[in-house]
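**Student:** Sharing a model prediction with you, sequence too.
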Amino acid sequence: MRRAHLATLFLLVAACSAWPINPRDVPGTYVMNRGRAADTLIVLQQGRYRRVYRMPGQPVSIDSGTWSVDRSRRQMVIKFAALWPRWRAETEASSLRRSPLAPVAWSVELTRTLGGRVKFFVDEDLDWAYVRKGW
């Protein structure tokens with residue numbers, strides 16, 4: 001009996017992560033799941049975003065810009081205009097960094113966590129991602 005319950009639970013969790021992402025699922029508050037900084041990205045419904053970044057011992061940085069959805073690929077991709085890739089200060093050694101930190105146009109595939117929350121990776125190999133808070 002217990003195995004049947006576990007199998008059902010596993011199927012439900014797997015189904016949540018395979019659940020398709022709709023553009024209405026994108027707006028929300030996302031929090032970086034790794035790093036020393038408190039990094040929050042607020043994606044607004046009107047195609048705008050605001051990002052609040054606080055590295056310990058440093059002043060708060062707030063930047064904003066626009067976002068759009070690109071559905072031309074199999075996976076849904078979100079495009080951020082003029083996003084500062086501040087996480088690179090922690091994910092890349094300064095000697096390996098491709099360019100100085102500056103705003104970039106950033107496109108990223110949207111995925112779901114095993115629990116069904118929307119997330120997008122900034123570095124999939126290191127498992128750094130913005131994960132949506134709540135539903």
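**Tutor:** Yep, it's here.
**Student:** Quick one: residues contacting the residue positioned nearest the centre of the chain.
**Tutor:** The centre of the chain sits closest to residue 130, judged by Cα atoms, centre = their mean, with a distance of 2.8 Å. Residue 130 is in contact with 30, 31, 32, 33, 39, 41, 119, 120, 122, counting by Cβ atoms under 8 Å, 6 or more residues apart in numbering. (Glycine included, C-beta is placed from N, CA and C.)
**Student:** List the beta-bridge partners for it.
**Tutor:** Beta-bridge partners recorded for residue 130 (DSSP bridges): residue 32, residue 120.
**Student:** Now flag whichever of the contacts of residue 130 is closest to residue 89.
**Tutor:** residue 39 (10.8 Å; Cβ to Cβ).
**Student:** roughly how far apart are that closest one and residue 65?
**Tutor:** Distance from residue 39 to residue 65, counting by Cβ to Cβ, to the nearest Å: 15 Å.
**Student:** which residue packs closest to residue 113, ignoring adjacent ones?
**Tutor:** Closest residue in space to residue 113, ignoring its immediate chain neighbours: residue 119 at 5.5 Å, by Cβ to Cβ, 6 or more residues apart in numbering.
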